[in-house]
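**Student:** model this:
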Amino acid sequence: MTDIEKRCQNFLSVLRHCQLLGMSVEHADEKGLVLKLPYSDSIIGNPVTGVVHGGAITTLMDTCCGISTVCFLPDFEICPTLDLRIDYMHPAEPGKDIFGFAECYRLSPTVIFTRGIAYQDDREQPIAHVVGTFMRMGRPASDGTLARSIDGEKV
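**Tutor:** Numbers count the residues shown, from 1 in each chain. Sure, this is the predicted structure:
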């Protein structure tokens, strides 16, 4: 596992809702991040068809875009979501895991710009496209425990 993958996994591991959904880091490098959302009963939106609820995909993509900042920034920073836009192309196929890919494409002193896709079997057949902006607030101002744990230091 690379240092970037470790940082992304450490970040993901402190997000309780992501733990409950079973999300995991599939790949991470300086070009972006891939997260996996396993198919489960807890993400079904329509119990008759088994189609995944759009909120689960939104959660995956907000998390993926947010954590992709770790791939781009040299040090962990608090970067809450400012705006997230998702265009759904088609429903996710029931019974299959969903993957999210996100990358940072622009960095300003105050905002990070991200984009990505949700997909199942093929990135060329996306379930959804996403763009997100995240506010740069700098390193955590408390005792730094969160930043140190995400950066892989023992706390």
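**Student:** Can you show me the strands along the protein?
**Tutor:** 24-29, 32-37, 44-46, 51-52, 81-88, 98-107, 111-119, 128-135 (DSSP state E).
**Student:** Need these in a markdown table (columns: distance to Phe11).
**Tutor:** For the C-beta atoms, the positions are set from N, CA and C on the backbone; glycine is no exception. Below are the strands of the chain laid out as a markdown table (distance: least, Cβ to Cβ, whole Å):
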| stretch | distance to Phe11 |
| --- | --- |
| strand 24-29 | 9 |
| strand 32-37 | 10 |
| strand 44-46 | 27 |
| strand 51-52 | 24 |
| strand 81-88 | 14 |
| strand 98-107 | 13 |
| strand 111-119 | 14 |
| strand 128-135 | 13 |
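**Student:** from the ones you listed, which stretch is densest packed?
**Tutor:** Ranked by mean neighbour count under mean count of other Cβ atoms under 10 Å, the strands of the chain are led by strand 32-37, which reaches a mean of 23.
**Student:** Mind giving me the packing neighbours of that strand?
**Tutor:** strand 24-29, helix 54-72, strand 98-107 (3 or more Cβ pairs under 8 Å, 6 or more residues apart in numbering; DSSP states H and E).
**Student:** contacting residues around the nearest residue to Gly132 once chain neighbours are set aside?
**Tutor:** Of all residues not flanking Gly132 in the chain, Cys65 sits nearest, at 4.0 Å (Cβ to Cβ, 6 or more residues apart in numbering). The contact partners of Cys65, by Cβ atoms under 8 Å, 6 or more residues apart in numbering, come to 81, 84, 102, 114-116, 130, 132, 134.
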